Structure formats: structure tokens, C-alpha cells
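Engineer: Quick one, structure for this:
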Amino acid sequence: MWAISERLDLETIATKSADASILFMPFRILNHRVRSHTDETFERALPRLPATALVLASEEIDLDAAPEEGLAADLAAAADILSESEKRAVKTEQEAQKAREKASEIMTRLQTAEKAARAFGCGFFKTARRSYSCHCRF
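Structural biologist: Model prediction:
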């Protein structure tokens, strides 16, 4: 298990990873020499490390868990806003679906009532507000 340490030099890494099966380590080439992420040479540390795969990235990568500033922070904030907006959109769509279902139910009941009234000879008609009124004497 890896413990968080303030020092990430090769000695600390060798000590902390002694029981690892394999270790992936970043490296860079500086003045025709292979250097660690802290610009140390591997000559003394490699014999103390477990099986080690040295990995050369095409560019520097910041692996902070929580971006705090710059473009990464802006992108994280935008992703958070997008996620919240998507949640609100889903909730709004669910509410709209419930409203459509209720409106459909009311329309069905209204049509049923109109058919029943016509069967009894009752005079229904539409008003300007699209509500139905009855002129029967029941």
C-alpha cells in the first residue's frame, strides 16, 4: 500500500515500493542522460527498486486529484455545471411527462363526460376558454 509522502525522491520511492511486484516510473532525458521526475539519476536507485518500467510521456502531465487553478479548474467547473444541468433537465422532463399524463387523464374524463351527457340529451358546448357548460335542467 502506498502512503502519501511529502518527499517523492528516488530513495523514498525505493523504500515505499519495496514490496511491489512492478513499479511504473516517469523519466525524462536531460543532457543525454535518463533522469527521474525530480531530475535525479537512476544509477543508485534502480538496483533497490522492484521490477521497474520507465515511462516517457510525450509531455508533462499534472496528475493532481483536484484541479485548483487554470484551465483544469475551469474545465472541472464547466463539467460540474454540465452535470447539474443534465440532472435538472432529467427532473424537468420527468415533471413534464407527469403533467402530460395528468392532462391526458383530464381530457379523457372530459370526453367521457361529454359522451355521457350527449347520451342523456344534455346540451354541451365549448366556451371561449374551452371549458364545457351544460344547459340541461337535471
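
Engineer: Tell me where the chain has strands.
Structural biologist: Taking DSSP state E as the criterion, the chain carries its strands at 22-26, 28-30, 33-35, 51-55, 124-126, 132-134.

Engineer: Okay, the most centrally placed residue in the chain and residue 110: tell me how far apart.
Structural biologist: Closest to where the C-alpha atoms of the chain average out (CA atoms, centre = their mean) is residue 83, at 5.5 Å. Computed as CB to CB, to the nearest Å, the residue 83 to residue 110 distance reads 41 Å. Bear in mind the C-beta positions are built from the backbone N, C-alpha and C, glycine included.

Engineer: Please apply the same query to residue 27.
Structural biologist: Distance, residue 27 to residue 110, by CB to CB: 76 Å.

Engineer: Name the residues of stretch 12-24 that come out as buried.
Structural biologist: Neighbour counts over stretch 12-24 (16 or more other CB atoms under 10 Å) mark 13-14, 16-17, 23 as buried.

Engineer: List the residues that contact residue 39.
Structural biologist: Residues near residue 39 by CB atoms under 8 Å, 6 or more residues apart in numbering: 28, 30.

Engineer: if you set the cut-off to 10 Å instead, what comes out?
Structural biologist: For residue 39, the contacting residues are 28, 30, 33, by CB atoms under 10 Å, 6 or more residues apart in numbering.
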